[in-house]
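*Asks:* coords please:
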Amino acid sequence: MTRATHTNIGVNIQDYEALLERAKQLVPKVAEIKQRFEIPKVKGHIEGNKTVVSNFLQIARVLHRKPEHLLKFLQRELATPGELRGDFLILGSKVPASRLNEKINLYAKIFVICKECQKPDTELVREQGVLMVKCHACGAKHPVKGF
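*Replies:* Predicted coordinates:
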């Protein structure tokens, strides 16, 4: 389009550029940050018939989720009882670290990563009884199957 065409529809170049600059300023700064999101690998050991995870709270912190929510998900996915004791997660059966890491990555995919922009800058909110993942980076919301 030429400058004359823009003027014919009521928008000149200076107005357009000013509006574009204003829109850029309104975009959340989180959306501009390009950093790799890495979930820490599970650290722990097997003690008799139990699995002890020593960095569980650190993992929950990186995911920005309540440890109780992540624990409930793992209990359901692994079909094993578990409890938080101080900084440790104690699972009631032997679970290999690779399987725990797999389930934690699944949790992140379902409850943390935005389906629109693929960023982890989200929070869980309940709207009209529906659990939603709300993205702070792009503003998208999508429902998740809660428990």
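*Asks:* show me how this protein divides into domains.
*Replies:* Each structural domain of the chain that the record assigns through automatic domain parsing is listed here as a residue range: 41-112, 116-147.
*Asks:* which one of those domains has the lowest average pLDDT?
*Replies:* Ranked by mean pLDDT, those end with domain 116-147 in last place, scoring a mean of 89.
*Asks:* what's the spacing between the closest residue to Leu57 other than its chain neighbours and Ala79?
*Replies:* Once flanking residues are discounted, Leu57 sits nearest to Asp87: 5.2 Å by C-beta to C-beta, 6 or more residues apart in numbering. In this view, the C-beta of every residue, glycine as well, is placed from N, C-alpha and C. Between Asp87 and Ala79 the computed distance is 24 Å (C-beta to C-beta, to the nearest Å).
*Asks:* cool, and Asn12?
*Replies:* As defined by C-beta to C-beta, Asn12 lies at a distance of 65 Å from Ala79.
*Asks:* where does Leu89 sit: helix, strand or coil?
*Replies:* Local secondary structure at Leu89 is given as strand here, using DSSP: H, G, I helix; E, B strand; the rest coil.
*Asks:* what's the burial count for it?
*Replies:* Number of residues near Leu89 (other C-beta atoms under 10 Å) recorded here: 25.
*Asks:* what does Leu71 give?
*Replies:* Leu71 sits with 18 neighbouring residues when counted by other C-beta under 10 Å.
*Asks:* other SSEs contacting the helix or strand hosting it?
*Replies:* In this structure, Leu71 is located in helix 67-78 according to DSSP states H and E. Counting by 3 or more C-beta pairs under 8 Å, 6 or more residues apart in numbering; DSSP states H and E, the packing neighbours recorded for helix 67-78 are helix 56-63, strand 82-85, strand 88-91, helix 97-111.
*Asks:* what packs against the third one?
*Replies:* For strand 88-91, the packing partners by 3+ C-beta pairs under 8 Å, 6+ apart come out as strand 50-53, helix 67-78, strand 82-85.
*Asks:* switch to 7 Å and redo it
*Replies:* strand 50-53, strand 82-85 (3 or more C-beta pairs under 7 Å, 6 or more residues apart in numbering; DSSP states H and E).
*Asks:* how about the last one?
*Replies:* For helix 97-111, the packing partners by 3+ C-beta pairs under 7 Å, 6+ apart come out as helix 67-78.
*Asks:* Thr51: what's it in contact with?
*Replies:* If you count contacts by C-beta atoms under 7 Å, 6 or more residues apart in numbering, Thr51 has them with Gly44, Leu91, Ser93, Lys94, Val95.
*Asks:* thanks again, I'm all set now.
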